[in-house]
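Colleague: what's the 3D shape of this:
(one chain, ligands or ions: 1)
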Amino acid sequence: MKFKSPPVNSLSLEFLTEFSIGLEKLENNRACRGVIITSAVPKIFSSGLDITEMCGKSVEHYGEFWRAVQEMWLRLYGSNMVTVAAVNGSSPAGGCLIALSCDYRIMAENPKFSIGLNEAQLGIVAPFWFKDTFVNVVGHRIAERSLQLGSLHPAPEAQRLGLVDELVPEEKLMEKAAAVMAQWLALPDHARQLTKTMMRKAVLDRLVAHREEDIKNFITFVSKESIQKSLRMYMEMLKKRKS
Ligand SMILES: CCCCCCCCCC/C=C/CC(=O)SCCNC(=O)CCNC(=O)[C@H](O)C(C)(C)COP(=O)(O)OP(=O)(O)OC[C@H]1O[C@@H](n2cnc3c(N)ncnc32)[C@H](O)[C@@H]1OP(=O)(O)O
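Modeller: Next up is the predicted model:
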């Protein structure tokens, strides 16, 4: 799957819905045993959740948007397929969550590309299931420090922390992703799938059990004037940085 929503592959409601439907179709296709996720937008894997979806909208819209974010994660993290992220650009916040939800992460070895859960820098808080996914990849200590600081890690540092599994030159990224996919697909599906479920079930079940509460929390949080102000200021900063 190639993300192609310029300029930055931000995860809008439309993008998330299309992504989830795409994953569902592949999941139901018995001929498809694995998926490599990458980007067709130069230098950007995904800029994370579309901030405009969280600014100045109705309570109903926030609810619909958050349900779509949850749905995407439940499908990807809970997928029976082998999932490989070929991270060919920067990947903050929700973009990082997509990579973290895959079975294996390969990143282009460009120190200008960064990845991490930077929510704290926006004055917002990564929800518990973002945190759980992060902890399951890098461990508690690294996740705690990185989350509190809202760190975006340049590619070499991300590899040192275990946030990505390996770095390769950008031109070799897809070749490497295909080789990793072949290695994982060489195992019998049922054994690999049951093992994956065993490793991920508790974290998935936690969101399923608290899904409606999580939506309510998101709506309450994002509707606060202080949070709206932080998000507006962050968007202004992005625009100013450009000019
Ligand atoms: C205890 C209570 C718990 C309650 C639970 C509440 C939980 C709330 C949590 C919500 C979770 C949010 C997770 C997220 O994903 S938030 C999004 C975080 N993303 C970012 O911080 C990335 C911001 N973007 C960048 O850093 C850069 O854009 C880039 C990705 C590095 C690319 O840089 P580049 O220079 O190439 O491009 P520009 O910066 O010029 O951007 C081009 C245009 O795109 C707009 N843009 C960028 N990112 C976003 C975005 N995420 N959403 C919307 N729009 C975005 C940017 O403004 C430019 O627009 P313009 O052309 O109109 O100026």
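
Colleague: Tell me the residues of the chain that contact the ligand?
Modeller: Contact residues, the chain versus the ligand (CB under 6 Å from any ligand atom): 7-8, 10, 44, 47-52, 90, 92-94, 118-119, 122, 124-125, 127, 217-218, 221, 235, 238-239, 242. All C-beta atoms are positioned from the backbone trio N, CA, C, and that covers glycine.

Colleague: So which of those residues sit within strands?
Modeller: Counting by DSSP state E, the members of the residues of the chain next to the ligand that fall within strands are Ile44, Ser90, Pro92.

Colleague: OK, contacts around the second one?
Modeller: Listed by CB atoms under 8 Å, 6 or more residues apart in numbering, the contact partners of Ser90 are Lys43, Ile44, Phe45, Ser47, Lys112, Phe113, Ser114, Ile115, Leu152.

Colleague: Going by contacts, tell me the helices and strands next to the longest helix out of those in the chain.
Modeller: Longest helix of the chain, by residue count under DSSP state H: helix 189-209. With contacts taken as 3 or more CB pairs under 8 Å, 6 or more residues apart in numbering; DSSP states H and E, helix 189-209 sits against helix 59-77, helix 128-138.

Colleague: Low-confidence regions, the protein specifically.
Modeller: Applying pLDDT under 70 to the chain flags the ranges 243.

Colleague: That one: helices as residue ranges?
Modeller: 13-27, 59-77, 94-100, 128-138, 140-149, 155-161, 173-185, 189-209, 211-223, 225-242.

Colleague: Name the stretch among the ones you listed that sits most buried.
Modeller: For the helices of the chain, the largest average neighbour count (mean count of other CB atoms under 10 Å) is found in helix 94-100, namely a mean of 27.

Colleague: C-alpha coordinates for that helix, CSV please?
Modeller: Extracted in CSV, the C-alpha atoms of helix 94-100 (Å, rounded to 0.1, in the frame of the first residue of the first chain):
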residue,chain,number,x,y,z
GLY,A,94,-0.1,9.1,14.0
GLY,A,95,2.4,8.4,11.2
CYS,A,96,4.7,6.8,13.8
LEU,A,97,1.7,4.8,15.2
ILE,A,98,1.2,3.3,11.8
ALA,A,99,4.8,2.2,11.6
LEU,A,100,4.8,0.9,15.2
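
Colleague: on that earlier part again, mind putting the ones in strands among the residues of the chain next to the ligand in CSV, distance to Arg200 included?
Modeller: Output for those, formatted as CSV (distance: CB to CB, whole Å):
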residue, distance to Arg200
Ile44, 27
Ser90, 26
Pro92, 23
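
Colleague: what sits against His61?
Modeller: Leu13, Glu53.

Colleague: do Asp50 as well
Modeller: Ser10, Leu11, Ser12, Leu13, Phe15.

Colleague: can we see that at 6 Å?
Modeller: Counting by CB atoms under 6 Å, 6 or more residues apart in numbering, Asp50 touches Ser10, Leu11, Ser12.

Colleague: Tell me the one among those residues nearest to the ligand.
Modeller: The closest of these to the ligand turns out to be Ser10 (CB to the nearest ligand atom; 3.9 Å).
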